[in-house]
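A.B. asks: fold the following for me, if possible:
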Amino acid sequence: MHIEQLETPVAVVDLDRLTANITRFQAYLDTHGILNRPHIKTHKIPAIAHMQLAAGAVGITCQKLGEAEVMADAGIQDIFLPYNIVGEAKLARLAQLARRCTLSVTADSGVTVQGLDAAMRQAGLVLPVLVEFDSGAKRCGVQSPEEAAQLAQLIAGSAGLRFGGLMTYPSSARAAEFAQATTALLAAEGIATERVSGGGTPQMWQAHSFAGITEHRAGMYLFGDRYTINSGALTLEECAFTVHVTVVSRPTAERGIIDGGSKTFSSDLLGQDGYGLILEYPEARITGLSEEHGTVDFTACARRPAIGERLTVVANHCCPVVNLFNQLVGVRGGVVEVTWPVAARGMLQ
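C.D. replies: Sure thing, here's the model as predicted:
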């Protein structure tokens, strides 16, 4: 089947670019002796995770327990879950998952550590736990090296847990300094820091410059979007992920309506001008989204599309867009080669 025969809106992956992106970043990390632990929340597809592992990734990163369960079901053995797992039901699921694969998690509070310890002791397991620290994202994470060292000592002293290292997002010079200071505090107490996990696609080509970071977690690098283009991580020509839509209405000379709205593109702007880049009409702006309609302003375009014309859109942020689709279509030279179910779609629990 040719790509033009696919009904729109459809999420499309260029297989040649996908392979090139996976190979290129793996080679960079290998050159600098940094382990690759890609974040699968971007694609949510076991087959693509296996491609990353085959290229040399040491394991994968999942953001939610449900994602990790899907990946374990697909035979992936080394899974990092850098998220605070709390509550009896989730802790019971975590213990079951820990029986099936090599699993590690994070914590940023004594409350989380105590819950993890109780669940693992009850299951008769020992779980590696990394301390998450805040390096500027202002989400989760302890706030000082002293607090990180104290939490690491609590983990190390817990019968059901093992101190597994440090984790942060995003990687930065500040993150490296924080990790080095914490490592020194722990070394003085006889506690080794075996792993320092950093991450972020915008920082991917600078990973080697952050001293002490031993592994890198990136997600968007294999697909690309407007955000990664603007950050300099990928070029437009390297983007492997696009959404194909159709012009279904031209109510005025300047305005067009496409068959992709907020249920196709999400509402992420991420500092972009409009909700996506239309490759055939780069001067156009997707100015608004309702559920099933996208409003496009073609005023700045020298030529304008007719009703029925198909358009190719680079999304602002590929991760939430993928999560809106049941499947992704892989193409090579315009010909469909594979259709992947988005197996971990909607796995928010």
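
A.B. asks: what lines up beside the longest strand seen in the chain in the sheet?
C.D. replies: What stands out as the longest strand in the chain, according to DSSP state E, is strand 241-249. Using DSSP bridges, the neighbouring strands of strand 241-249 in the sheet come out as strand 10-14 (antiparallel), strand 255-258 (antiparallel), strand 310-315 (antiparallel).

A.B. asks: dump the ones you listed into JSON lines; add mean pLDDT, distance to residue 86 and mean neighbour count as well.
C.D. replies: Backbone N, C-alpha and C define where each C-beta goes, glycine included. Converted to JSON lines, the strands paired with strand 241-249 look like this (pLDDT from 0 to 100; distance: least, C-beta to C-beta, whole Å; neighbours: other C-beta atoms under 10 Å):
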{"stretch": "strand 10-14", "mean pLDDT": "98", "distance to residue 86": "33", "mean neighbour count": "22"}
{"stretch": "strand 255-258", "mean pLDDT": "98", "distance to residue 86": "41", "mean neighbour count": "23"}
{"stretch": "strand 310-315", "mean pLDDT": "98", "distance to residue 86": "32", "mean neighbour count": "23"}
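
A.B. asks: which of those strands sits closest to residue 339?
C.D. replies: Each of these was checked against residue 339 via C-beta to C-beta, and the shortest separation belongs to strand 10-14, namely 10.0 Å.

A.B. asks: shouldn't residue 288 be within a strand?
C.D. replies: Yes: residue assignment for residue 288, taken from DSSP: H, G, I helix; E, B strand; the rest coil, places it within a strand.

A.B. asks: ok, now how distant is it from residue 255?
C.D. replies: Distance, residue 288 to residue 255, using C-beta to C-beta, to the nearest Å: 10 Å.

A.B. asks: now swap in residue 61 and tell me
C.D. replies: Using C-beta to C-beta, one obtains 42 Å as the distance from residue 61 to residue 255.

A.B. asks: picking up where we left off before, anything in contact with each of residue 288 and residue 255?
C.D. replies: Shared between the contact lists of residue 288 and residue 255 (criterion: C-beta atoms under 8 Å, 6 or more residues apart in numbering) are residues residue 295.

A.B. asks: hang on, residue 264 in a helix?
C.D. replies: Yes: using three-state DSSP, the secondary structure at residue 264 is a helix.

A.B. asks: tell me who's in contact with the closest residue in space to it that isn't next to it in sequence.
C.D. replies: With C-beta to C-beta, 6 or more residues apart in numbering as the measure, residue 9 is the residue that lies nearest to residue 264, at 4.7 Å, once sequence neighbours are left out. Residues touching residue 9, when contacts are defined by C-beta under 8 Å, 6+ apart, comprise 243, 244, 245, 246, 258, 259, 260, 264.

A.B. asks: what about dumping the CA coordinates of the longest strand of the chain to PDB?
C.D. replies: Taking only C-alpha atoms (Å, rounded to 0.1, in the frame of the first residue of the first chain), the coordinates of strand 241-249 have been written out as PDB:
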ATOM      1  CA  PHE A 241       7.500  11.300  12.600                       C
ATOM      2  CA  THR A 242       4.800  13.200  10.800                       C
ATOM      3  CA  VAL A 243       1.000  13.300  10.900                       C
ATOM      4  CA  HIS A 244      -0.800  13.300   7.500                       C
ATOM      5  CA  VAL A 245      -4.100  15.200   7.300                       C
ATOM      6  CA  THR A 246      -6.500  16.300   4.600                       C
ATOM      7  CA  VAL A 247      -7.900  19.700   3.800                       C
ATOM      8  CA  VAL A 248     -11.700  19.200   4.300                       C
ATOM      9  CA  SER A 249     -12.900  22.800   4.000                       C
END
